[in-house]
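*Asks:* Here you go, sequence then predicted model.
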Amino acid sequence: MDWGITDKGFRRKTYQDIIADMERKAQDLFGADIDLSSASPLALFLRVIAFGLSLIWMVAEKVYYSAFVDTATGQSLDYAVKYAGIARRPASPARRMLVFTGDPGVTIPQGFLVETEQGTRFATVESRAIDDTGQAEVLAEAVEPGINGNVAPGQITRITNPMPGVSGVTNIDHPRNVDGLDRETDRELRTRYYLSLARGGASTLDSILASVLEVPGVRTARVFHNPTMEVDEEGRPPKSVEVVTLGGADEDIAYAIHRTIAAGIQPYGTVEVPVRDAGGQEQIVRFSRAEVVPIYVRVQVVKDTLYPLDGDDQVRNAVIRYIGGTDTQGQPHNGLGLGADVIWTAVIEAARSVPGVHDLDVTIGTAPDPTGRANIPISDRQVPEATPATVVVTSA
């Protein structure tokens, strides 16, 4: 029997295979009547050697599969995808628009530090003077990259290093706000790798999608087009492309579309952003924002002795990972993405993945206190989202 690299891939010799081969060899050398019972000295010796050899075979198998995108993990996956010209997305910092109050004419310098009550720090990325109304809007970036900087409006209220003429600060909801992301996971990197293969085909729908998905903060996106000479049923004009996105800053998305869309094709959507082309001319890029559909889930769990102490949170997070949204640890999950229906049985399957769940009853809906036991349809412009507040877990 062939072992190692064969015409059907890598065939690993297991611990039992190694023992069987060594016992056959021992019988060839010492006779068929040699004592190979499990308690015999020779059998114990062979098993010690076989265990070490099985570990070597496991390492050889991992080395073989580390060369392929589908099977590589961690740093090996980083090496595998680099041949397509992409790299794992590092953790990105959150950006929040700040409103400073103080004396008119005082300039807020770039790098000025502010923070939340919990100590999450932000540094301004631009300088701006306080106007005659006593206010100035200044964009700031989290000092530490990742999801910890995804603070809600009104949470940045402390000035780290006070300066004369600046009396207060807060953060507001603003189109330039961008959520921070943790380092890209292996699963997310594989998905983006296969989408990125289309980047070589400039101006194709796939290349536009790949370009938009690389924008920091973009969680999901879809690209629609109208190749006809008539306005389509969605209102898209002739020869137009519409990008629908969730997350990311308007300007970054607009430039990503501008870089890949074909000349003469009109970008369509409800968001309008002016960009400068290579010749310095202003071009208008349009795209649309996805409608977030909150998904409410009620899970009644029948536990057994294996149910962990934090089992309720694990059930919540399992459901959120399937649907999409931010879990109890603040980690965002892409989940189903744009236009994917929420499948009731898939929610049950996600909740049952937690150990100790003996039985459960699941109801879902788009409003609090859901009673539905059927799939939730999601349109092409919508994305389902769940949060710890919308996923209620109780015990029977």
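*Replies:* Received the coordinates, thanks.
*Asks:* what helices or strands is the helix or strand bottoming out on mean pLDDT in the chain leaning on?
*Replies:* Across the helices and strands of the chain, mean confidence by mean pLDDT, DSSP states H and E is lowest for helix 186-196: a mean of 79. For helix 186-196, the packing partners by 3 or more Cβ pairs under 8 Å, 6 or more residues apart in numbering; DSSP states H and E come out as helix 74-81, helix 205-213. The way it works is simple: take the backbone N, C-alpha and C, and place the C-beta from them, glycine included.
*Asks:* one more time with 6 Å
*Replies:* helix 205-213 (3 or more Cβ pairs under 6 Å, 6 or more residues apart in numbering; DSSP states H and E).
*Asks:* what angle separates the helix it packs on from helix 186-196?
*Replies:* Calculated by axes from the mean of the first three to the mean of the last three Cα atoms, to 10 degrees, helix 205-213 forms an angle of 140 degrees with helix 186-196.
*Asks:* which residues sit against the helix or strand just after helix 205-213?
*Replies:* Downstream of helix 205-213, the first helix or strand assigned by DSSP states H and E is strand 220-226. For strand 220-226, contacts defined as Cβ atoms under 6 Å, 6 or more residues apart in numbering pick out 205, 208-209, 212-213, 232, 236, 240-246, 334, 337-338.
*Asks:* among those residues, which are in strands?
*Replies:* Residues of those located in strands (DSSP state E): 240, 241, 242, 243, 244, 245, 246.
*Asks:* which of these are buried?
*Replies:* Buried members of those, counted by 16 or more other Cβ atoms under 10 Å: 240, 241, 242, 243, 244, 245, 246.
*Asks:* Widest-spaced pair of the ones in strands among the contacts of strand 220-226?
*Replies:* The span of those, defined through Cβ to Cβ, is set by 240 and 246 at 20.8 Å.
*Asks:* Domain parsing of this structure, as residue ranges.
*Replies:* Domains of the chain are assigned by automatic domain parsing as 4-65, 95-172, 201-289, 292-395.
*Asks:* what's the span of the last one, first residue to last?
*Replies:* The distance separating the two terminal residues of domain 292-395, taken as Cα to Cα, to the nearest Å, comes to 29 Å.
*Asks:* What values do phi and psi take at residue 275?
*Replies:* When read as degrees, to the nearest 10, the backbone of residue 275 gives phi -130, psi 160.
*Asks:* whoops, residue 306 was the one
*Replies:* Residue torsions, per degrees, to the nearest 10, at residue 306 are phi -80, psi -10.
*Asks:* Contacts for stretch 266-273 next, please.
*Replies:* With Cβ under 6 Å, 6+ apart, stretch 266-273 has contacts from 236-237, 240-242, 250-251, 254, 257, 261, 284-288.
*Asks:* What residues sit buried inside that stretch?
*Replies:* 266, 267, 268, 269, 273.
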